[in-house]
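In: Fold the stuff below for me.
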Amino acid sequence: MKRTEIINALQLAGEGQLINVRGWVRSRRGNKNVSFIALNDGSTIKNIQIVVDLAVFPEEQLKPITTGSCISATGHLVASQGSGQAVEIQLTELEVYGTADPEQYPLQKKGLSMEYLRTIAHLRPRTNTFGAVFRIRHNMAMAIHQYFHEHGFFYFHTPIITASDCEGAGQMFQVTTKNLYNLKKDEEGKIDYSDDFFGKQTSLTVSGQLEGELAAMALGKIYTFGPTFRAENSNTPRHLAEFWMIEPEVAFIQKDELMDLEEDFIKYCVRWALEKCQDDLQFLNQFVDKGLIARLESVVNTEFVRLTYTEGIEILQEAVKNGKKFEFPCSWGEDLASEHERYLVEEHFGKPVIMSDYPKDIKAFYMKINEDDRTVQGTDVLFPQIGEIIGGSVREESLDKLNAEIARREIPMKDMWWYLDTRRFGAAPHAGFGLGFERLLLFVTGMQNIRDVIPFPRTPKTAEF
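Out: Numbering: from 1, shown residues only. Sure thing, here's the model as predicted:
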(Lines give C-alpha, C1' and ligand atoms only; values in the text may rest on other atoms or scores of the structure.)
Protein backbone atom coordinates (compact mmCIF):
# COMPACT_ATOMS: atom_id res chain seq x y z
CA MET A 1 0.00 0.00 0.00
CA LYS A 2 1.27 3.49 -0.87
CA ARG A 3 2.59 5.46 2.08
CA THR A 4 0.89 8.68 3.23
CA GLU A 5 3.20 11.23 4.81
CA ILE A 6 2.05 12.23 8.28
CA ILE A 7 1.86 15.93 7.38
CA ASN A 8 -0.74 14.99 4.76
CA ALA A 9 -2.51 12.39 6.91
CA LEU A 10 -3.18 15.01 9.56
CA GLN A 11 -4.96 17.17 6.96
CA LEU A 12 -7.40 14.42 5.99
CA ALA A 13 -10.90 14.13 7.41
CA GLY A 14 -11.19 11.11 9.69
CA GLU A 15 -13.80 9.23 7.69
CA GLY A 16 -12.46 5.72 8.16
CA GLN A 17 -10.31 5.58 5.00
CA LEU A 18 -7.51 2.99 5.03
CA ILE A 19 -4.04 4.58 4.98
CA ASN A 20 -0.43 3.57 5.60
CA VAL A 21 2.10 5.65 7.53
CA ARG A 22 5.73 4.89 8.25
CA GLY A 23 8.13 6.51 10.67
CA TRP A 24 9.90 6.42 14.00
CA VAL A 25 8.19 5.83 17.31
CA ARG A 26 8.37 8.79 19.67
CA SER A 27 6.55 7.05 22.51
CA ARG A 28 4.22 4.19 23.38
CA ARG A 29 1.79 4.19 26.31
CA GLY A 30 -1.50 2.58 27.22
CA ASN A 31 -3.35 0.17 29.52
CA LYS A 32 -4.33 -3.49 29.48
CA ASN A 33 -6.88 -2.95 26.69
CA VAL A 34 -5.32 -0.44 24.33
CA SER A 35 -1.90 0.94 23.38
CA PHE A 36 -1.14 4.38 21.88
CA ILE A 37 1.84 4.86 19.59
CA ALA A 38 3.06 8.39 18.75
CA LEU A 39 4.65 8.18 15.29
CA ASN A 40 6.71 10.81 13.46
CA ASP A 41 8.19 10.64 9.96
CA GLY A 42 9.98 14.00 9.83
CA SER A 43 7.50 15.63 7.45
CA THR A 44 6.06 17.71 10.33
CA ILE A 45 6.79 18.35 13.96
CA LYS A 46 3.40 16.81 14.79
CA ASN A 47 3.03 13.11 15.56
CA ILE A 48 0.14 10.95 14.48
CA GLN A 49 -1.45 8.72 17.11
CA ILE A 50 -1.89 5.05 16.31
CA VAL A 51 -4.43 3.22 18.45
CA VAL A 52 -3.70 -0.49 18.96
CA ASP A 53 -6.39 -2.86 20.18
CA LEU A 54 -4.56 -5.34 22.43
CA ALA A 55 -7.24 -7.95 21.74
CA VAL A 56 -6.05 -7.96 18.12
CA PHE A 57 -2.34 -7.21 18.66
CA PRO A 58 -1.11 -8.95 21.82
CA GLU A 59 1.43 -7.18 24.03
CA GLU A 60 4.09 -9.70 23.05
CA GLN A 61 3.86 -8.54 19.43
CA LEU A 62 4.26 -4.90 20.52
CA LYS A 63 7.38 -5.44 22.64
CA PRO A 64 9.78 -4.41 19.84
CA ILE A 65 7.93 -1.10 19.48
CA THR A 66 9.96 1.13 21.74
CA THR A 67 11.07 4.76 21.44
CA GLY A 68 13.27 5.08 18.36
CA SER A 69 12.06 1.96 16.57
CA CYS A 70 10.90 2.26 12.96
CA ILE A 71 7.55 0.83 11.86
CA SER A 72 4.99 0.72 9.08
CA ALA A 73 1.40 1.06 10.31
CA THR A 74 -1.73 0.53 8.24
CA GLY A 75 -5.17 1.32 9.58
CA HIS A 76 -8.36 3.33 9.37
CA LEU A 77 -8.06 7.11 9.82
CA VAL A 78 -10.83 8.22 12.16
CA ALA A 79 -11.76 11.25 14.22
CA SER A 80 -9.87 11.10 17.51
CA GLN A 81 -11.85 10.32 20.62
CA GLY A 82 -9.22 11.90 22.87
CA SER A 83 -7.85 15.40 23.15
CA GLY A 84 -4.59 16.52 21.58
CA GLN A 85 -5.22 15.44 17.99
CA ALA A 86 -8.02 15.72 15.45
CA VAL A 87 -7.50 12.33 13.84
CA GLU A 88 -5.89 9.02 14.71
CA ILE A 89 -5.28 5.65 13.11
CA GLN A 90 -7.03 2.48 14.25
CA LEU A 91 -4.32 -0.11 13.53
CA THR A 92 -5.09 -3.09 11.30
CA GLU A 93 -1.61 -4.10 10.09
CA LEU A 94 1.84 -3.63 11.59
CA GLU A 95 5.39 -4.17 10.31
CA VAL A 96 8.57 -3.46 12.30
CA TYR A 97 11.43 -2.22 10.14
CA GLY A 98 14.03 -1.63 12.84
CA THR A 99 14.18 -1.88 16.61
CA ALA A 100 15.93 0.41 19.11
CA ASP A 101 17.13 -1.14 22.35
CA PRO A 102 15.82 1.15 25.14
CA GLU A 103 18.95 0.40 27.19
CA GLN A 104 21.14 1.82 24.43
CA TYR A 105 19.06 4.29 22.40
CA PRO A 106 20.05 7.72 23.75
CA LEU A 107 16.95 9.71 22.75
CA GLN A 108 14.64 8.56 25.49
CA LYS A 109 11.84 10.86 26.62
CA LYS A 110 13.85 13.03 28.98
CA GLY A 111 15.62 16.36 28.93
CA LEU A 112 18.88 16.28 26.99
CA SER A 113 21.29 19.23 26.87
CA MET A 114 22.35 20.84 23.61
CA GLU A 115 25.95 19.99 24.50
CA TYR A 116 25.11 16.31 24.82
CA LEU A 117 23.08 16.29 21.60
CA ARG A 118 26.11 17.63 19.70
CA THR A 119 27.95 14.44 20.66
CA ILE A 120 25.21 12.42 18.94
CA ALA A 121 24.65 14.72 15.97
CA HIS A 122 23.84 11.69 13.83
CA LEU A 123 20.68 11.12 15.90
CA ARG A 124 19.67 14.61 17.00
CA PRO A 125 17.57 15.35 13.86
CA ARG A 126 15.04 12.90 15.34
CA THR A 127 14.34 15.24 18.25
CA ASN A 128 11.54 17.79 18.00
CA THR A 129 13.94 20.71 18.33
CA PHE A 130 16.35 19.67 15.61
CA GLY A 131 13.62 18.40 13.32
CA ALA A 132 12.17 21.92 13.51
CA VAL A 133 15.56 23.59 12.99
CA PHE A 134 16.46 21.54 9.94
CA ARG A 135 13.06 21.93 8.30
CA ILE A 136 13.42 25.70 8.78
CA ARG A 137 16.97 25.48 7.37
CA HIS A 138 15.53 23.89 4.23
CA ASN A 139 12.85 26.56 3.97
CA MET A 140 15.36 29.37 4.33
CA ALA A 141 17.45 27.90 1.51
CA MET A 142 14.34 27.78 -0.67
CA ALA A 143 13.45 31.37 0.26
CA ILE A 144 16.92 32.56 -0.74
CA HIS A 145 16.80 30.93 -4.16
CA GLN A 146 13.23 32.10 -4.73
CA TYR A 147 13.99 35.70 -3.78
CA PHE A 148 16.91 36.04 -6.15
CA HIS A 149 15.11 34.20 -8.95
CA GLU A 150 12.12 36.54 -8.63
CA HIS A 151 14.43 39.55 -8.75
CA GLY A 152 16.35 38.55 -11.86
CA PHE A 153 19.57 37.30 -10.27
CA PHE A 154 21.52 34.37 -11.69
CA TYR A 155 22.81 31.61 -9.41
CA PHE A 156 26.56 31.49 -10.03
CA HIS A 157 28.81 28.72 -8.75
CA THR A 158 32.17 29.94 -7.50
CA PRO A 159 35.08 27.57 -6.76
CA ILE A 160 35.58 25.80 -3.45
CA ILE A 161 39.31 25.36 -4.09
CA THR A 162 41.14 28.62 -4.70
CA ALA A 163 44.59 30.18 -4.85
CA SER A 164 43.30 33.58 -3.66
CA ASP A 165 42.46 34.88 -0.20
CA CYS A 166 39.47 37.20 -0.45
CA GLU A 167 39.69 38.50 3.11
CA GLY A 168 43.48 38.78 3.24
CA ALA A 169 43.60 37.30 6.74
CA GLY A 170 45.47 34.15 5.76
CA GLN A 171 43.26 31.94 7.95
CA MET A 172 42.65 29.32 5.27
CA PHE A 173 42.63 25.55 5.12
CA GLN A 174 45.24 24.29 2.70
CA VAL A 175 44.41 21.75 0.00
CA THR A 176 47.27 19.51 -1.07
CA THR A 177 48.15 16.05 -2.36
CA LYS A 178 51.74 16.38 -1.18
CA ASN A 179 53.31 13.89 1.21
CA LEU A 180 53.38 15.89 4.42
CA TYR A 181 56.09 13.62 5.84
CA ASN A 182 58.48 14.35 2.98
CA LEU A 183 57.95 17.90 1.79
CA LYS A 184 60.01 19.11 -1.15
CA LYS A 185 61.54 22.53 -0.49
CA ASP A 186 63.30 25.12 -2.61
CA GLU A 187 66.69 26.75 -2.07
CA GLU A 188 65.17 29.25 0.37
CA GLY A 189 63.65 26.49 2.48
CA LYS A 190 60.10 27.23 1.35
CA ILE A 191 57.73 24.45 0.35
CA ASP A 192 57.89 23.77 -3.40
CA TYR A 193 54.38 23.28 -4.73
CA SER A 194 55.41 22.64 -8.33
CA ASP A 195 54.75 18.91 -7.92
CA ASP A 196 51.44 19.44 -6.08
CA PHE A 197 48.14 18.64 -7.82
CA PHE A 198 47.48 22.22 -8.95
CA GLY A 199 51.15 23.20 -9.23
CA LYS A 200 50.67 25.99 -6.69
CA GLN A 201 49.53 26.52 -3.11
CA THR A 202 45.74 26.22 -2.87
CA SER A 203 43.17 26.46 -0.10
CA LEU A 204 39.48 26.10 0.65
CA THR A 205 37.63 29.32 -0.13
CA VAL A 206 36.77 31.89 2.52
CA SER A 207 34.36 33.65 0.17
CA GLY A 208 33.02 33.51 -3.36
CA GLN A 209 32.88 37.29 -3.60
CA LEU A 210 35.82 38.00 -5.88
CA GLU A 211 34.69 35.50 -8.48
CA GLY A 212 31.15 36.74 -7.98
CA GLU A 213 32.27 40.23 -8.94
CA LEU A 214 33.62 38.85 -12.21
CA ALA A 215 30.24 37.32 -12.98
CA ALA A 216 28.36 40.52 -12.14
CA MET A 217 30.52 42.31 -14.72
CA ALA A 218 28.94 40.10 -17.38
CA LEU A 219 25.55 38.94 -16.11
CA GLY A 220 24.57 42.09 -14.19
CA LYS A 221 23.09 40.44 -11.09
CA ILE A 222 24.35 37.19 -9.59
CA TYR A 223 24.40 35.42 -6.26
CA THR A 224 26.45 32.61 -4.79
CA PHE A 225 25.21 30.24 -2.12
CA GLY A 226 27.69 27.65 -0.96
CA PRO A 227 30.08 26.43 1.72
CA THR A 228 32.97 28.59 2.92
CA PHE A 229 35.80 27.83 5.30
CA ARG A 230 37.70 29.85 7.92
CA ALA A 231 40.62 28.38 9.86
CA GLU A 232 39.98 30.64 12.85
CA ASN A 233 40.54 29.23 16.32
CA SER A 234 37.25 30.73 17.52
CA ASN A 235 35.38 28.73 20.13
CA THR A 236 32.35 31.00 20.36
CA PRO A 237 28.60 30.46 19.89
CA ARG A 238 28.83 32.54 16.68
CA HIS A 239 31.69 30.92 14.75
CA LEU A 240 32.12 27.81 12.63
CA ALA A 241 35.09 26.62 10.58
CA GLU A 242 32.72 25.47 7.82
CA PHE A 243 29.58 27.44 7.09
CA TRP A 244 27.39 28.54 4.19
CA MET A 245 27.37 32.01 2.65
CA ILE A 246 24.97 33.90 0.42
CA GLU A 247 26.78 36.56 -1.62
CA PRO A 248 24.95 38.64 -4.24
CA GLU A 249 26.87 41.01 -6.50
CA VAL A 250 25.07 43.66 -8.55
CA ALA A 251 26.33 45.97 -11.27
CA PHE A 252 25.30 49.61 -11.47
CA ILE A 253 23.98 50.14 -7.93
CA GLN A 254 25.06 52.63 -5.28
CA LYS A 255 25.21 52.45 -1.47
CA ASP A 256 21.58 53.39 -0.81
CA GLU A 257 20.35 50.81 -3.32
CA LEU A 258 22.58 48.19 -1.70
CA MET A 259 21.05 48.91 1.70
CA ASP A 260 17.58 48.66 0.14
CA LEU A 261 18.51 45.23 -1.23
CA GLU A 262 19.87 44.05 2.11
CA GLU A 263 16.74 45.09 3.98
CA ASP A 264 14.30 43.76 1.40
CA PHE A 265 16.10 40.42 1.11
CA ILE A 266 16.25 39.66 4.81
CA LYS A 267 12.63 40.70 5.36
CA TYR A 268 11.60 38.36 2.56
CA CYS A 269 13.39 35.45 4.22
CA VAL A 270 11.87 36.15 7.64
CA ARG A 271 8.41 36.58 6.12
CA TRP A 272 8.84 33.22 4.33
CA ALA A 273 9.60 31.54 7.66
CA LEU A 274 6.56 33.10 9.33
CA GLU A 275 4.28 31.97 6.49
CA LYS A 276 5.64 28.50 5.76
CA CYS A 277 7.13 27.25 9.05
CA GLN A 278 4.33 28.07 11.49
CA ASP A 279 4.24 24.74 13.33
CA ASP A 280 7.99 24.58 13.79
CA LEU A 281 8.23 28.23 14.85
CA GLN A 282 5.42 27.79 17.37
CA PHE A 283 7.25 24.83 18.89
CA LEU A 284 10.54 26.77 19.10
CA ASN A 285 8.70 29.80 20.46
CA GLN A 286 7.25 27.62 23.24
CA PHE A 287 10.30 25.58 24.18
CA VAL A 288 13.43 27.44 23.00
CA ASP A 289 12.79 31.20 22.85
CA LYS A 290 9.44 32.59 24.03
CA GLY A 291 10.02 35.90 22.24
CA LEU A 292 10.92 34.36 18.89
CA ILE A 293 7.78 34.93 16.83
CA ALA A 294 7.26 38.45 18.17
CA ARG A 295 10.86 39.29 17.25
CA LEU A 296 10.48 37.90 13.74
CA GLU A 297 7.25 39.84 13.22
CA SER A 298 8.88 43.04 14.47
CA VAL A 299 11.65 42.74 11.87
CA VAL A 300 9.18 42.31 9.03
CA ASN A 301 7.00 45.21 10.18
CA THR A 302 9.61 47.88 10.84
CA GLU A 303 11.95 50.05 8.79
CA PHE A 304 15.60 49.45 9.59
CA VAL A 305 17.53 52.35 11.06
CA ARG A 306 20.33 53.68 8.87
CA LEU A 307 23.26 55.48 10.42
CA THR A 308 26.96 55.94 9.86
CA TYR A 309 29.70 54.31 11.89
CA THR A 310 30.67 57.75 13.22
CA GLU A 311 27.11 58.38 14.43
CA GLY A 312 27.08 54.93 16.02
CA ILE A 313 30.32 55.60 17.90
CA GLU A 314 28.90 58.89 19.19
CA ILE A 315 25.80 57.07 20.52
CA LEU A 316 27.95 54.41 22.21
CA GLN A 317 30.27 56.97 23.79
CA GLU A 318 27.30 58.94 25.07
CA ALA A 319 25.94 55.73 26.62
CA VAL A 320 29.26 55.18 28.39
CA LYS A 321 29.10 58.72 29.76
CA ASN A 322 25.66 57.91 31.11
CA GLY A 323 26.90 54.85 32.97
CA LYS A 324 26.63 52.04 30.41
CA LYS A 325 29.34 49.40 30.94
CA PHE A 326 30.95 47.66 27.97
CA GLU A 327 33.58 44.95 28.16
CA PHE A 328 35.43 46.43 25.18
CA PRO A 329 36.21 50.11 24.55
CA CYS A 330 34.43 51.90 21.70
CA SER A 331 36.49 54.59 20.06
CA TRP A 332 36.56 55.85 16.49
CA GLY A 333 38.76 53.64 14.33
CA GLU A 334 38.09 50.45 16.30
CA ASP A 335 35.88 47.65 15.02
CA LEU A 336 32.62 47.33 16.91
CA ALA A 337 32.25 44.35 19.23
CA SER A 338 29.05 42.31 19.27
CA GLU A 339 28.04 43.98 22.54
CA HIS A 340 28.22 47.40 20.87
CA GLU A 341 26.16 46.26 17.89
CA ARG A 342 23.55 44.67 20.11
CA TYR A 343 23.31 47.77 22.32
CA LEU A 344 22.47 49.90 19.29
CA VAL A 345 19.90 47.40 18.01
CA GLU A 346 18.30 46.12 21.21
CA GLU A 347 18.58 49.01 23.66
CA HIS A 348 19.06 52.28 21.82
CA PHE A 349 16.89 51.88 18.70
CA GLY A 350 14.91 48.73 19.44
CA LYS A 351 15.05 47.68 15.78
CA PRO A 352 17.58 46.44 13.18
CA VAL A 353 20.28 48.86 12.10
CA ILE A 354 22.20 49.23 8.86
CA MET A 355 25.52 50.88 9.68
CA SER A 356 27.67 52.35 6.92
CA ASP A 357 30.83 54.32 6.21
CA TYR A 358 33.37 52.52 8.38
CA PRO A 359 37.01 53.53 8.83
CA LYS A 360 38.90 52.16 5.84
CA ASP A 361 41.64 50.56 7.96
CA ILE A 362 39.23 48.09 9.58
CA LYS A 363 37.59 47.01 6.32
CA ALA A 364 38.68 45.03 3.26
CA PHE A 365 40.85 46.43 0.47
CA TYR A 366 38.13 46.24 -2.20
CA MET A 367 35.68 48.66 -0.55
CA LYS A 368 35.08 52.02 -2.21
CA ILE A 369 36.82 54.83 -0.32
CA ASN A 370 34.77 57.95 0.41
CA GLU A 371 35.93 61.45 -0.49
CA ASP A 372 37.14 62.02 3.08
CA ASP A 373 39.81 59.32 2.44
CA ARG A 374 39.11 57.99 5.95
CA THR A 375 35.99 55.90 5.49
CA VAL A 376 34.66 53.34 3.04
CA GLN A 377 31.18 52.57 1.75
CA GLY A 378 30.72 49.44 3.82
CA THR A 379 27.23 48.48 4.98
CA ASP A 380 26.64 46.08 7.89
CA VAL A 381 23.16 44.95 8.94
CA LEU A 382 22.94 44.54 12.72
CA PHE A 383 20.24 42.35 14.24
CA PRO A 384 18.90 41.73 17.75
CA GLN A 385 20.60 38.86 19.60
CA ILE A 386 23.00 38.30 16.68
CA GLY A 387 24.90 41.51 16.04
CA GLU A 388 26.22 41.65 12.47
CA ILE A 389 24.19 39.42 10.18
CA ILE A 390 25.12 40.96 6.81
CA GLY A 391 28.36 42.59 5.71
CA GLY A 392 28.40 44.43 2.39
CA SER A 393 29.92 47.30 0.49
CA VAL A 394 30.17 49.25 -2.69
CA ARG A 395 33.26 47.89 -4.46
CA GLU A 396 36.04 50.14 -5.72
CA GLU A 397 35.81 50.16 -9.53
CA SER A 398 38.81 52.43 -10.18
CA LEU A 399 41.91 50.40 -11.09
CA ASP A 400 44.25 53.17 -9.90
CA LYS A 401 42.54 53.53 -6.52
CA LEU A 402 42.33 49.78 -6.05
CA ASN A 403 46.01 49.33 -6.90
CA ALA A 404 46.95 52.13 -4.52
CA GLU A 405 45.08 50.47 -1.65
CA ILE A 406 46.60 47.07 -2.47
CA ALA A 407 50.07 48.63 -2.41
CA ARG A 408 49.35 50.49 0.84
CA ARG A 409 48.31 47.25 2.52
CA GLU A 410 51.08 45.24 0.85
CA ILE A 411 48.62 42.59 -0.35
CA PRO A 412 50.22 39.95 -2.62
CA MET A 413 48.19 39.91 -5.85
CA LYS A 414 50.30 37.75 -8.15
CA ASP A 415 47.59 35.07 -8.31
CA MET A 416 44.76 37.59 -8.63
CA TRP A 417 45.59 39.32 -11.91
CA TRP A 418 42.18 38.19 -13.15
CA TYR A 419 40.42 40.23 -10.46
CA LEU A 420 42.19 43.41 -11.50
CA ASP A 421 41.21 42.76 -15.11
CA THR A 422 37.60 43.60 -14.23
CA ARG A 423 38.80 47.13 -13.48
CA ARG A 424 41.02 47.18 -16.56
CA PHE A 425 38.39 46.15 -19.10
CA GLY A 426 34.98 47.81 -18.88
CA ALA A 427 34.96 48.67 -15.19
CA ALA A 428 31.50 49.38 -13.78
CA PRO A 429 30.14 50.57 -10.45
CA HIS A 430 28.96 47.58 -8.44
CA ALA A 431 28.16 46.44 -4.92
CA GLY A 432 27.30 43.33 -2.97
CA PHE A 433 27.03 41.73 0.43
CA GLY A 434 27.65 38.50 2.29
CA LEU A 435 25.16 36.83 4.63
CA GLY A 436 26.23 33.94 6.82
CA PHE A 437 23.43 31.40 6.37
CA GLU A 438 23.85 30.02 9.89
CA ARG A 439 23.68 33.53 11.38
CA LEU A 440 20.32 33.95 9.65
CA LEU A 441 19.20 30.60 11.02
CA LEU A 442 20.21 31.58 14.55
CA PHE A 443 17.89 34.54 14.30
CA VAL A 444 14.99 32.70 12.66
CA THR A 445 15.08 29.69 15.02
CA GLY A 446 15.97 31.40 18.29
CA MET A 447 18.76 28.88 18.90
CA GLN A 448 21.63 30.19 21.01
CA ASN A 449 24.61 28.40 19.48
CA ILE A 450 25.59 28.30 15.82
CA ARG A 451 26.61 24.65 16.23
CA ASP A 452 22.92 23.85 16.60
CA VAL A 453 21.69 25.20 13.26
CA ILE A 454 24.00 23.15 11.00
CA PRO A 455 23.73 19.35 10.86
CA PHE A 456 27.37 18.49 11.54
CA PRO A 457 29.32 21.45 12.97
CA ARG A 458 33.00 21.91 12.21
CA THR A 459 34.82 23.78 14.97
CA PRO A 460 38.35 23.67 16.43
CA LYS A 461 39.19 20.07 17.45
CA THR A 462 35.77 18.89 16.23
CA ALA A 463 35.27 17.06 12.93
CA GLU A 464 33.06 14.17 13.92
CA PHE A 465 30.53 12.46 11.66
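In: For the residue nearest to residue 465 when sequence neighbours are not counted, report the pLDDT, please.
Out: Excluding the flanking residues, the one nearest residue 465 by Cβ to Cβ, 6 or more residues apart in numbering is residue 456, at 4.6 Å. Heads up, the C-betas are built off the backbone N, CA and C, glycines and all. pLDDT, residue 456: 97.
In: And for residue 26?
Out: For residue 26, pLDDT reads 96.
In: That one should be in a helix, yeah?
Out: No - the assignment for residue 26, made by DSSP: H, G, I helix; E, B strand; the rest coil, is strand rather than a helix.
In: That one touches residue 48, doesn't it?
Out: No - using Cβ atoms under 8 Å, residue 26 is not in contact with residue 48, being 10.1 Å away.
In: Comparing these two, which shows the higher neighbour count?
Out: Ranked by neighbour count (other Cβ atoms under 10 Å), residue 26 and residue 48 place residue 48 first, with 26 against 17.
In: Hmm, residue 88 and that one touching each other?
Out: Yes - if you go by Cβ under 8 Å, residue 48 and residue 88 touch, sitting 7.0 Å apart.
In: Now do residue 164 against residue 412, distance only.
Out: Residue 164 sits 10 Å away from residue 412, going by Cβ to Cβ, to the nearest Å.
In: Those two - which one has more neighbours?
Out: Regarding residue 164 and residue 412, a neighbour count based on other Cβ under 10 Å identifies residue 164 as having more, with 20 against 10.
In: Tell me which helix or strand the more buried one sits in.
Out: Using DSSP states H and E, residue 164 is not contained in any helix or strand.
In: Let's see the pLDDT reported for the nearest residue to it once chain neighbours are set aside.
Out: Once flanking residues are discounted, residue 164 sits nearest to residue 416: 5.0 Å by Cβ to Cβ, 6+ apart. On pLDDT, residue 416 comes in at 81.
In: cool, and residue 169?
Out: 51.
In: With residue 104 instead?
Out: pLDDT, residue 104: 95.
In: any idea how far it lies from residue 70?
Out: 15 Å.
In: got it, and residue 332?
Out: To residue 70, residue 332 is 60 Å away according to Cβ to Cβ.
In: Tell me which of the two has more neighbours.
Out: Per other Cβ under 10 Å, whichever of residue 332 and residue 70 has more neighbours is residue 70, with 17 against 12.
In: so that one sits right up against residue 21, yeah?
Out: No - using Cβ under 8 Å, residue 70 is not in contact with residue 21; the gap is 11.7 Å.
In: Surely residue 431 is in a strand?
Out: Yes - applying three-state DSSP, one finds residue 431 inside a strand.
In: My guess is it contacts residue 254. True?
Out: Yes - applying Cβ under 8 Å, one finds residue 431 in contact with residue 254, separated by 7.2 Å.
In: Show me where the stretch 51-200 of the chain dips below the pLDDT cut-off.
Out: Confidence mapping of the stretch 51-200 of the chain against pLDDT under 70 gives the ranges 165-170.
In: hey, where'd the strands end up in it?
Out: 70-79, 87-98, 154-155, 161-162, 174-175 (DSSP state E, counting those that start in this stretch).
In: most packed of those?
Out: Most buried of these, by mean neighbour count (mean count of other Cβ atoms under 10 Å): strand 70-79, with a mean of 18.
In: which outside residues touch stretch 303-316?
Out: With contacts defined as Cβ atoms under 8 Å, 6 or more residues apart in numbering, stretch 303-316 is touched by 259, 263, 326, 330-332, 336, 340, 343-344, 348-349, 351-359, 375, 381.
In: Right, I'll leave it there.
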